[in-house]
Structures are given as C-alpha cells and as structure tokens.
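**Q** I would like to see how this sequence folds:
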Amino acid sequence: MELIEVKNKEQLKQFINLPWQIYKYNKFWVPPLKIDIKKILSEKNSFWLHAKRQLFLVCDEKGNALGRIAAIINYNYISFQNDKCGFFGFFECVDDVNVAKVLFDSAKKWLNEQNIHKMMGPMNPSTNDECGFLMKGFDISPSLMMPYTPEYYLNLAQKCGLEKIKEFYAYDMDVTNDSRISRLERVVNVAKKKLPNLKVATLKKSSFKEDLASAISIYNCAWEKNWGFVPWSDEEFKSIASKLKNLIDPEMVIIAKVSGVAVGMLISLPDYNQVLKKMDGKILPFGIFKFLYYRKKIDSLRLMVMGVVKEYRHKGIEAIMYEKGLKNALRLGYKHCELSWVLEDNIMTRRTAEMMNGKVYKKYAIYVSFDNF
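**A** Numbers count the residues shown, from 1 in each chain. Presented below is the predicted three-dimensional model:
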C-alpha cells in the first residue's frame, strides 16, 4: 500500500471517483454529482475561508485507489463550540482494516501536527452537510443530503479504535395519511387565538433572498444549543442560496411571521436523490435531460429545517407550520417525507415525529478518537 497526499488534479480525480468502485454493485447508493463534490473540495468553497483540510489516498502497487479520507479543521466549530476538535470526512474504503487504519492514522497524524488531538467524523465537511456512518436502513436509498455507507464501515471504525459518540435518526412519515391534520387542528386554533398578529405564508420567489436570509437567521438561532452545531457564515449563506434556488418547491417553504417579523421557518425540499440516482454523477451529455424528466416524478420530501426563535417556542407555531406543510404536500401529490438529523437525545423533536406517525427507518453514528502521535 502507498499513502498519497492529494496534491494534483489526477489525484483529486481518483479521490472523487473512488465511491463508484466501492458501491459498484450496491443498488441503494445514490451517486452524487461529481461536479458538486469537486466544488465542495475546491478552495473556492466559502467553507474553506474558515477551515482547512488535507486529502489522503491509499493505493495498491498498481496505483489503484483502495481508500480515501479528508482531515479537516473547522475553526468556526472550534470557536463556537469551544472544543478543540478536528474532523475526518469523505471516508471511503474497501473492506480491509489495514487500509482503514492507514487512512484514520494519516488523518489523526495530520491533525496532531496542527496541535489538535481529538478527531470526530465522518463530516463531509461539517454538520451542515452530509455526515455520519449509516447504522440502520442499508436496504433503502438515502434521502437528499443524507449519507449512505456500507455496514462494514462500522466494523472498520471500531477495529481502528474509534468510539461511537452520538447517534441521530431519520424518520419516515406517510404524507398521504391526513388524519394528523385533524389532530393538529385543536392546537392550531388555540395558537391562532393567542397570536392574532401571526401570519403563515409560503415562499415567494420575488422575496427569495429576504426569506432565505430569515431562514438562515432562524436556523442559526433555533439550533445554536444543538450538539455539534456550527452557524452558517454570510459567505456560506450566499453559496447555499444560489444552490437551493432552483431546487426549492416554494409551497413547501413555510414562513411564520409575527407583526411582519419572521419567527419560524419550515423548509422541506423535494428528494432530488430520486433524480440523482438516474444520473450516475454526470450532467453531460445526457444527465441534464434525465434531471428535467425525473424531477417531475419526485414523490418524497426531506424536511430540512424546522425552527422557531426562542421567545416564540411552545406557543403552537410549530403545529401551525406542520399543518400548512401537510396540507400543501397532500395537494401537491407527495407521498412521503423524511425528518432527519434528529439527535438521539432530542426528546422533543422525537416525540413530535412520533406524534406525526413518523417511524425511525434509518440510524447514523458519529465516531471520535482521542489518539495522539
């Protein structure tokens, strides 16, 4: 085996292409767009304005890639969480503990050289992106911006001395079961009487930037106490805005305002993984036509963001947004919605998901290592 620090375009190409080898015979994996992975890893990605990374490959004697890993330092995480921790991400590996050990050790060694002696992951590259190893649900394709990894990765992590530090769940909710709407009505009616200045509406393209800015503000405020949370920077907001503009279904973005000020937001995106699965990571020459054709057939959503600012929580605004979201989803013909990245100890959100007849159908794990070199 040879450990390679990725430094040129050919090595980066190997790094990006490796998953197609790992998942060659796995029908549940959803190939990402290669151009998107290249953008994420590019220095032009605004994330790297407050972070840095080193990519590693392990190859055999013929130069064939056997595994890959990224060692990552997110200075915003260290500052916000007051936790001097580095990360590993973009981990892919053949089922060989020796290859995995070289990868994990290389990431830890690089972090150690930066005077960081704790490593968590996988983060690709942060908690605002895909993260975690899959623990349950290997026979179901992942939803948008959720990872899919082989079951043997759990064994590789454990044999390489990593310890599970946190679990999070994905709930599947049957949108066609509209009995929940009547169940929510009592709470909704009470909330509307208590908050006469509350207005709930959907996204308007004419005010896209303003509404998305409100969404980011609410997200950063509502999630600030969550484990592993890192707020989006202004630069990241601009990047995510341009990326989401053409993917959002405006009627599935619910905005709650009190006296004209945004206090709550519910954002559900169509599950574009149903489209990506048909494209094999390519836009050209025919990927764009597949995208335009299959996007019309998407029948599932992923609830990406649901938050209410602190001073308006527990007043029924959450129920009002859920009710409007359910009614719109039913009218638009969606059949399922995934509520995910629900932390194992987030009892309130878990109870809400269960109240909405949600079932845990996927579980993910984050691992940690405190090894020194």
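
**Q** Show me the helices in the stretch 201-350 of the chain, by range?
**A** For the stretch 201-350 of the chain, applying DSSP state H, counting those that start in this stretch gives helices covering 208-222, 234-244, 273-276, 287-294, 317-332, 347-355.

**Q** how close does the closest residue to residue 202 other than its chain neighbours sit to residue 324?
**A** For residue 202, the nearest residue in space outside its immediate sequence neighbours is residue 251; the separation is 4.9 Å by C-beta to C-beta, 6 or more residues apart in numbering. Any C-beta I mention is one placed from the backbone N, CA and C, and that applies to glycine too. With distances defined as C-beta to C-beta, to the nearest Å, the gap from residue 251 to residue 324 amounts to 9 Å.

**Q** out of those two, which sits in the more crowded spot?
**A** Neighbours per residue, other C-beta atoms under 10 Å: of residue 251 and residue 324, the larger number sits with residue 324, 22 against 16.

**Q** My read is that the more buried one contacts residue 254, right?
**A** Yes: contact criterion C-beta atoms under 8 Å: residue 324 and residue 254 qualify, at 5.2 Å.

**Q** hey, what's in contact with both of those two?
**A** With C-beta atoms under 8 Å, 6 or more residues apart in numbering applied, the overlap between the contact sets of residue 324 and residue 254 consists of 200, 202.

**Q** in the lowest-mean-pLDDT helix or strand in the chain, what's buried?
**A** Comparing helices and strands within the chain by mean pLDDT, DSSP states H and E singles out helix 234-244 as the least confident, with a mean of 77. Neighbour counts using 16 or more other C-beta atoms under 10 Å place 236, 237, 238, 239, 240, 244 of helix 234-244 among the buried residues.

**Q** what's that helix in contact with?
**A** Taking C-beta under 8 Å, 6+ apart as the criterion, the residues outside helix 234-244 that touch it are 45, 46, 47, 49, 128, 208, 209, 212, 213, 216, 232, 269.

**Q** before we move on, back to that, in CSV: the buried residues of helix 234-244, plus distance to residue 182.
**A** Output for the buried residues of helix 234-244, formatted as CSV (distance: C-beta to C-beta, whole Å):
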residue, distance to residue 182
236, 40
237, 38
238, 41
239, 41
240, 36
244, 32
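
**Q** Show me where the stretch 51-200 of the chain dips below the pLDDT cut-off.
**A** Where the stretch 51-200 of the chain drops to pLDDT under 70, the residues are 178-180.

**Q** now the helices: where do they sit in it?
**A** Taking DSSP H, counting those that start in this stretch as the test, the helices found in the stretch 51-200 of the chain are 75-81, 97-113, 152-159, 179-194.

**Q** which parts of the first one are buried?
**A** When neighbours are counted by 16+ other C-beta under 10 Å, the buried residues of helix 75-81 are found to be 76, 77, 78.

**Q** between the residues you listed, which is nearest residue 220?
**A** Using C-beta to C-beta, residue 76 is the member of the buried residues of helix 75-81 that lies nearest residue 220, at 11.5 Å.

**Q** Look at the nearest residue to residue 327 once chain neighbours are set aside and say how many residues are nearby.
**A** In space, residue 327 comes closest to residue 181 once its chain neighbours are excluded; the distance is 6.5 Å by C-beta to C-beta, 6+ apart. Here the neighbour count serves as a burial measure; for residue 181 (other C-beta under 10 Å) it reads 15.

**Q** Go ahead and confirm residue 181 touches residue 326.
**A** Yes: with contacts defined as C-beta under 8 Å, residue 181 counts as touching residue 326 at a distance of 5.6 Å.

**Q** Most remote residue from the middle of this protein, which is it?
**A** Among the C-alpha atoms of the chain, the one most distant from their mean position (C-alpha atoms, centre = their mean) is that of residue 193, at 36.0 Å.

**Q** quick one, what contacts the residue nearest to residue 202?
**A** Applying C-beta under 8 Å, 6+ apart, one finds that residue 251 lies in contact with 202, 203, 328, 332.

**Q** what's the distance between residue 39 and residue 139?
**A** Between residue 39 and residue 139 the distance is 31 Å, computed by C-beta to C-beta.

**Q** again, but for residue 219
**A** Distance of residue 219 to residue 139, computed by C-beta to C-beta: 32 Å.

**Q** Which one of the two is surrounded by more residues?
**A** Here residue 219 and residue 139 are set side by side on neighbour count (other C-beta under 10 Å), and the busier one is residue 219, at 21 against 7.

**Q** OK, contacts around that one?
**A** 232, 265, 305, 307.

**Q** and it, how far is that from residue 292?
**A** 30 Å.
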